[in-house]
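A.B. asks: give me the fold of what follows.
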Amino acid sequence: MAVDDECKLKFLELKAKRNHRFIVFKIDEKNQQVMVEKLGSPQASYDDFTNSLPPNECRYAVFDFDFTTNENCQKSKIFFIAWSPDTSKVRQKMLYASSKDRFKRELDGIQVELQATDPSEMSLDIVKGRAL
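C.D. replies: Numbering: from 1, shown residues only. A predicted model of the protein is given here:
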């Protein structure tokens, strides 16, 4: 599975310049490569992000999560989310599962990984809990 250079480029922009709040990645099965499907503006909310994930198809995504620690410090963590809804096709789930680690290695700087099969598994409370 190849990784389109734009994936790495946009991830670096998110990490270093904070030009994007989130990135949604899709596997183009015809070309056998991971590509950028959607970028979220720096003002985008977590709801904007979750609404950009299709309900019946797998995706990879990266989200830059800002939060305040118990000591009142502003921090941010970059989440990698493997979205694999129960309603997606078995073949697609297998493709995304088998390509995930290889793709994740291309994105240097991921701090937390989440796997979700339905929206409740990546609720804002869960993300906050994993960030702290």
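A.B. asks: which helix in this structure has the most residues?
C.D. replies: For the chain, the helix with the greatest residue count under DSSP state H is helix 90-106.
A.B. asks: need the contact list for the residue of the chain most remote from its centre.
C.D. replies: In terms of distance from the mean C-alpha position of the chain, residue 71 ranks first, at 27.2 Å (Cα atoms, centre = their mean). With contacts taken as Cβ atoms under 8 Å, 6 or more residues apart in numbering, residue 71 has no neighbouring residues. Heads up, the C-betas are built off the backbone N, CA and C, glycines and all.
A.B. asks: which SS class is it?
C.D. replies: Applying DSSP: H, G, I helix; E, B strand; the rest coil to residue 71 yields a three-state assignment of coil.
A.B. asks: mind starting the numbering at 59 from now?
C.D. replies: Got it, first residue is 59 now, which makes that one residue 129.
A.B. asks: now it: how far from residue 135?
C.D. replies: Going from residue 129 to residue 135 by Cβ to Cβ, to the nearest Å gives 15 Å.
A.B. asks: can you show me the helices along the chain?
C.D. replies: So, for the chain - with DSSP H - the helices run 63-70, 104-109, 148-164, 182-189.
A.B. asks: any idea which of those helices gets closest to residue 120?
C.D. replies: Minimum separation from residue 120 across the helices of the chain (Cβ to Cβ) falls at helix 63-70, 6.2 Å.
A.B. asks: and the angle from that closest one to helix 148-164?
C.D. replies: If you take axes from the mean of the first three to the mean of the last three Cα atoms, to 10 degrees, helix 63-70 sits at 60 degrees to helix 148-164.
A.B. asks: show me what helix 63-70 is packed against.
C.D. replies: When contacts are defined as 3 or more Cβ pairs under 8 Å, 6 or more residues apart in numbering; DSSP states H and E, helix 63-70 sits against strand 80-86, strand 91-98, helix 148-164.
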